[in-house]
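> turn this into a model:
(chains A and B, ligands or ions: 4)
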Amino acid sequence: MGKKILLEHINVPGIETYEVFRKMGGYASVEKALKTKTPLEVVEEVKKSGLRGRGGAGFPTGLKWSFIDKKSGNPRQLVCNADESEPGTFKDRYLMEKLPHLLVEGMIVSSFALEAHLSYIYIRGEYMWVFRILEKAIKEAYAAGWLGKNIQGSGYDLDLHVTCGAGAYICGEETALIESLEGKRGNPRIKPPFPAVVGLYGNPTVVNNVETIMDIPWIVNNGGEEFAKFGIGKSTGTKLISASGNIKKPGVYEIELSIPVEEFVMSDEYCGGMQTDRPLKACVPGGSSVPILPANLLFKTAKGETRLMTYESMSDGGFATGSMIGSGGFIVYDDRACIVRNTWNFARFYHHESCGQCSPCREGTGWMEKVLWRIEHGFGNIEDIDLLWDIQRKIEGNTICPLGDAAAWPVAAAIRHFRDEFEFHIRYPEKVKDRKHFEKEPWEQVKHLVKKEDAVLV
Amino acid sequence: MPIVTIDGVSVEVEAGTTILNAARKIGGDLVPPAMCYYSKLKGSGGKCRTCLVEITKGSGANPTPMPKLQASCSTPVADGMEVKNMTSPKVQDMRKGVVEFLLINHPLDCPICDQAGECDLQNLGFDYGVAKTRYQEERRTFDKINIGDKIQLHMTRCILCYRCTYVADQLTDKRVHGIMNRGDAAEISTYIQNAVENEMSGNMIDVCPVGALTDKTFRFKSRVWFLKPFDAHRECTKCCGKTTVWMFGNEIYRVTVRKDVYHEVETLEDGKPAYICNDCRFEKKNVNDWTIEGPRKFEKFSVINQGNYTRKMERVEIDTDPRILYGRQEDKKAISMNGTNFNKPEKALSDGKDTDGQF
Ligand SMILES: Cc1cc2nc3c(=O)[nH]c(=O)nc-3n(C[C@H](O)[C@H](O)[C@H](O)COP(=O)(O)O)c2cc1C
Ligand code: SF4
Ligand code: SF4
Ligand code: FES
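Ligands and ions are numbered 1, 2, ... in the order given. Below is the predicted model:
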């Protein structure tokens, strides 16, 4: 069994209640931090731990905390990003449902480290029941003296609120989240200034993912160096992976950031191998925004090395032959899956979720969706593949926030690795009219129809 | 003060100046086009992405180039920074992309649009657009709505630059005008079709880069290039009273703010933008209402400036763009129908290919 940091006590009955959580050692990190450490010492521990943000970008958390502006003298703020909306990612929900008090505990210690006295958890509107769970946990924490004035006699004050979004993916982008929290339309802000300088209500602000915050108590309790002993190199600690798709055991798994991808997919401890005897076709390893990987690049890198579940190994080979660990939404496809349909589905999502501020994303996401719809439904032209490539190229890097990139990357990767499948859709429209065409005629049986030499690889 | 080099031309500007404003200080062709930035509206810019530039040297202290193109309207300069605009093939390529994005859902109804001839999108399309579209799908359309009795919103033409919302925010009180919905379904609207009934609301029309917000007192009255612009003023208690009146013969067809070469409202001596009130704009259409100062010299580079007064007037020289002349010839052919072979009805009458070129 792999070692656990977050899910150690997950199977203890009643762990979601205050009493049981406290009995299992909950809130110990608050006592330790508030009574024996200075805020700066906590930040130092987090730096030592090498913890990287679990929201997707993987930015070192300690470093992020040390950027927060102190010169202005404005009150500092911590916001927990619980807007989890990336298709394929559902780990934060699991964590908050099961361990609401660990999030509260993490928020207290992290707010203390940042010297914040008013902190927020921003949760997506569709997680209404989780919102209630958190509200209850916060109430219990107030009652037990972990929140409010003079926490446990330490002289430190903190108020914590949980706020509900209206259900927009874009409100997970940190500056859009801040706008939304302020009660405005959730449009990402133009950076600079960064939230660390001008954030919530103009105050210096740190936004962190749920999982990131939940890692903090363990780091304070056991020390940053202990945390860094998990994982390999700059990928320290454990990470929750939301596994879904054609595997035997979909679910949320805590893995050490060092295990081979093959072990994660095939071992009984995790995904349990493929759902049926069908062969693995492709995998989206880090949520819908990251490039899709074909089977031959999933377990081994292009260099022939074993691919590991680490930030570095997953992105080995760049976008040409690698991907990203992202938010840990691990989607596995067997040969029944249609990559064109899947890409269209993702494109539809980004089209629907674009905030519409900047022209390349507003217009480009819709355009890609329409072209992909055409190809998927047998109305495509052979030029459409190059057109798609050109559209995604003109979105990527030219937008205000990374949603534009997130919309472009999956399309680019699908064309890069599965161009012949797009050609198949265009050249044999009658074969793809039925959306289950690959169940009846798997790719292996039809791929001879689009000769490889015809395909111009980009 | 930082010195920045844009397309090989150096300029010294105040710290905090954006690249776009530094370029405007130099002037000429190297100024990036701006569709959403409006120097007189706080918070504007960063959205349309037409002003993207390549930063080949971050600063003197840190020469690393920036990997992504940056929006010049919202990126401040640094000392020793080197920027490429017209000299960067990447910028030109991506700008073409942005223009294409702006046009895929645009109705291209210039022949019936009041803004034609002074439209920023038309100009941009002329400079960076391609004649053929790669977009096959249906274009997005909206119903026209009236924002008060003097302003019409034709959302189908809107490029969502947000300028009008900043006008609503910054020039008028009791704001009821904003953006609803998101993505390509986003639209400018008033709260449940509320009327914008504020004295300064008409300035929305002037900041709108396209024909999405038009003056209902001028709609379909004339093409703008047939009108002669004159600077005029009157005593006004609500605004500065300094305007441009657009005349045909002795009649005032419309009144607008005075606009500079970037199509932005001019600034007054006191540094404030010369926005005008709805009274001056919509109600004062009589020549006796105004003291005419003289012909307006120059606005922006567009069709409205075909007969501008800044050029020497000694010799008359028709320097109409050859592309316009070509278009005229084609139009003439189509309109006259001379030489059309009516005995071949399967041929489209507007297709001039069958004619022998005589009119
Ligand atoms: C379009 C978009 C959506 C995002 N959604 C989320 C989200 O749902 N949850 C999250 O934690 N981070 C999300 N992020 C990342 C956040 O912007 C931010 O980087 C993150 O919350 C930082 O936390 P971390 O440093 O702990 O990872 C999103 C980013 C983008 C661009
Ligand atoms: S990239 Fe898309 S989501 Fe992000 S600001 Fe631009 S339009 Fe909005
Ligand atoms: S109506 Fe005009 S000014 Fe307003 S957002 Fe649209 S294009 Fe911009
Ligand atoms: S003018 Fe700079 S992004 Fe629109």
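
> which residues in chain A form strands?
A:76-82, A:116-123, A:159-164, A:205-209, A:231-232, A:235-236, A:238-245, A:251-256, A:280-284, A:293-294, A:329-334 (DSSP state E).

> then the stretch 51-200 of chain B?
Taking DSSP state E, counting those that start in this stretch, the strands of the stretch 51-200 of chain B run over residues B:52-57, B:70-71, B:82-84, B:145-147, B:151-153, B:177-180, B:187-190.

> Serialize these to JSON lines and add fields for mean pLDDT.
Formatted as JSON lines, those follow (pLDDT from 0 to 100):
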{"stretch": "strand B:52-57", "mean pLDDT": "97"}
{"stretch": "strand B:70-71", "mean pLDDT": "97"}
{"stretch": "strand B:82-84", "mean pLDDT": "97"}
{"stretch": "strand B:145-147", "mean pLDDT": "86"}
{"stretch": "strand B:151-153", "mean pLDDT": "91"}
{"stretch": "strand B:177-180", "mean pLDDT": "86"}
{"stretch": "strand B:187-190", "mean pLDDT": "85"}
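
> stretch A:186-206 vs ligand 4: in contact?
No. Judged by CB under 6 Å from any ligand atom, stretch A:186-206 stays clear of ligand 4, getting no closer than 8.8 Å. Where you see a C-beta, it was placed from the backbone N, CA and C, and this is true even at glycine.

> what does chain A have sitting close to chain B?
Residues of chain A found near chain B (CB under 8 Å from any CB of the partner chain) are A:168, A:170, A:185, A:190, A:351-360, A:362-367, A:370, A:374, A:387, A:390, A:393-394, A:397-400.

> can you flag the buried ones in the residues you listed?
Neighbour counting with 16 or more other CB atoms under 10 Å in any protein chain shown marks A:168, A:170, A:185, A:190, A:351-360, A:362-367, A:370, A:374, A:387, A:393-394, A:397-400 as buried within the residues of chain A next to chain B.

> per-domain residue ranges of chain B.
Listed domain ranges for chain B are B:3-101, B:145-307 (source: automatic domain parsing).

> now do the first one: distance to the chain's middle.
On the basis of CA atoms, centre = their mean, to the nearest Å, the separation between the geometric centre of domain B:3-101 and that of its chain is 19 Å.

> is that domain in proximity to ligand 2?
No. Using CB under 6 Å from any ligand atom, domain B:3-101 never reaches ligand 2; the gap is at least 7.8 Å.

> and that domain, end to end?
Domain B:3-101 has an end-to-end distance of 34 Å (CA to CA, to the nearest Å).

> how near is A:Asn342 to B:Asp29?
According to CB to CB, to the nearest Å, A:Asn342 stands 46 Å off from B:Asp29.

> look at these two and report which has more neighbours.
Each of A:Asn342 and B:Asp29 has its neighbours counted (other CB atoms under 10 Å in any protein chain shown); A:Asn342 has more, 21 against 11.

> residues contacting the more buried one?
The contact partners of A:Asn342, by CB atoms under 8 Å, 6 or more residues apart in numbering or on different chains, come to A:292, A:333, A:414.

> repeat for A:Glu312
For A:Glu312, the contacting residues are A:232-235, by CB under 8 Å, 6+ apart.

> same thing but 10 Å
Counting by CB atoms under 10 Å, 6 or more residues apart in numbering or on different chains, A:Glu312 makes contact with A:232-235, A:257, A:322, A:325.

> which one is residue 83 nearest to, not counting chain neighbours?
You didn't pick a chain, so chain A it is. What sits nearest to A:Asp83 in space, not counting adjacent residues and going by CB to CB, 6 or more residues apart in numbering or on different chains, is A:Gly172, at 3.7 Å.

> wait, chain B was what I had in mind.
Nearest residue to B:Val83, sequence neighbours excluded (CB to CB, 6+ apart): B:Ile6, at 4.6 Å.

> A:Ala82 now?
Of all residues not flanking A:Ala82 in the chain, A:Ile123 sits nearest, at 4.1 Å (CB to CB, 6+ apart).

> all good on my end, thank you.
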